[in-house]
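In: Output the structure for:
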Amino acid sequence: MKKFIYGIAAVVFGDFTIGYIEKNSWDWGGTKPESTDIDAEQVPDAPVLTLMTKLGQIAPTFNIIQLDYTNLQKVLGGELVKSGETVTGWKAPTSMVELRGEWQIKFVSGQKMTIPNGMILANLGGKLTLTEVSKLECQLKVSKPDDGGAPYGIEDMSEEELTKLKSQLSGENS
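Out: Residues are numbered from 1 along each chain as shown. Okay, the predicted model is just below:
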């Protein structure tokens, strides 16, 4: 078992790898576990019982900075504009879009997190300057899966997954 989880290697929605994530933008967010203290009149200094009422949850926030048209469409919805087979633009959605499905976060440290039922909330943000890039400001809402299982899990990547990931990363950086 690995003792540390670090570094975002890839964020995958369904079978699509989302573009670059802005450095230092990933935050697990979410909520801490909740409890209710039971107090007794006869015990003034501390609760006599604490009842767990809700598990902690994650709701990652992050910024996507690689804004090619396909990334815009996969994260915001809308439609791609094509000239023949070539994608030449993107049009924003004209109605509510719910982009929900399986997400995977692959870590440089060799593990992956699988979220079976995640919904992305995103908007075009950032600043339009010569020293910054525009970005998609995202929040990933994690819901209970339809099968009633765990809302997320972390496991080691297989050797095949690690090899493929290393190949993709070295190809993107060349």
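In: Can you show me the helices along this protein?
Out: Assigned by DSSP state H, the helices in the chain fall at 69-76, 159-172.
In: which stretch in those has the least confidence?
Out: When mean pLDDT is averaged over each of the helices of the chain, helix 159-172 scores lowest at a mean of 80.
In: So what sits opposite residue 35 in the bridge?
Out: Per DSSP bridges, the residues bridged to residue 35 are residue 52.
In: Is it correct that it is in contact with residue 49?
Out: No: with contact defined as CB atoms under 8 Å, residue 35 does not count as touching residue 49 (9.9 Å). Every C-beta, even on glycine, is put in place using the N, C-alpha and C of the backbone.
In: Of the two, which one has the most company?
Out: Neighbour totals were compared for residue 35 and residue 49, and residue 35 leads with 13 against 10 (other CB atoms under 10 Å).
In: Identify the residues contacting the more buried one.
Out: Going by CB atoms under 8 Å, 6 or more residues apart in numbering, residue 35 touches 50, 51, 52, 53.
In: Which member of the residues you listed is positioned nearest residue 154?
Out: The nearest member of the contacts of residue 35 to residue 154, counting by CB to CB, is residue 52 at 21.8 Å.
In: Run a quick neighbour tally on the residue lying closest to residue 126 once chain neighbours are set aside.
Out: Nearest residue to residue 126 in three dimensions, chain neighbours excluded: residue 135, at 4.1 Å (CB to CB, 6 or more residues apart in numbering). Residue 135 has 22 neighbouring residues, counting by other CB under 10 Å.
In: Over to the one 10 residues further on?
Out: Summarising burial for residue 145: neighbours were counted as other CB under 10 Å, giving 15.
In: residues near the closest residue to it other than its chain neighbours, how many?
Out: Closest residue in space to residue 145, ignoring its immediate chain neighbours: residue 116 at 4.0 Å, by CB to CB, 6+ apart. Other residues within reach of residue 116, judged by other CB under 10 Å, total 19.
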